[in-house]
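Student: below: sequence and its predicted model.
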Amino acid sequence: MSKSRKGPTQPAPLTPHDRDVLNLIKGKGDQAILVNNIPRETGLSPPIVTKCIKSLLSLKLIKEVKHVRHSKGKYYIGAEFTPTADFTGGSWYVDGKLDT
């Protein structure tokens, strides 16, 4: 009796919608994009964009970041990018809160 060995599992390839959303987010560079702007710029419906974002977050291809002035909105940036100081508040803010 021989057992078949399974190699490491490969992540599922990205769907065309996932790829469109990822390219848009990475295209912004270190300037994050508001989640509400993604459907408008890609032409995809909001439920599809939400599904794509969940998929990309689970694959760690994108990350959610907080904006200093607009803390209610969800902003996304490519995982390899660091948001600009204007976006995070620079040295004046720590974890989105004023450093006192």
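Tutor: Structure's in. What do you need? The model shown is predicted, which means the values in this text are computed figures rather than measured ones.
Student: look at residue 99 and report its pLDDT.
Tutor: Note on residue 99: pLDDT of 51.
Student: equivalent analysis for residue 83, please.
Tutor: Confidence for residue 83, expressed as pLDDT, is 79.
Student: residue contacts, it?
Tutor: 30, 31, 32, 65, 77 (CB atoms under 8 Å, 6 or more residues apart in numbering). Backbone N, C-alpha and C define where each C-beta goes, glycine included.
Student: and residue 60, how far is that from residue 86?
Tutor: 25 Å (CB to CB, to the nearest Å).
Student: looking at these two, which one has more neighbours?
Tutor: residue 86 (12 against 9; other CB atoms under 10 Å).
Student: in which helix or strand would I find that one?
Tutor: Using DSSP states H and E, residue 86 sits within helix 85-88.
Student: how far away is residue 45 from residue 67?
Tutor: 25 Å.
Student: tell me which of the two has more neighbours.
Tutor: residue 67 (18 against 11).
Student: so that one, which state does it fall into?
Tutor: coil (DSSP: H, G, I helix; E, B strand; the rest coil).
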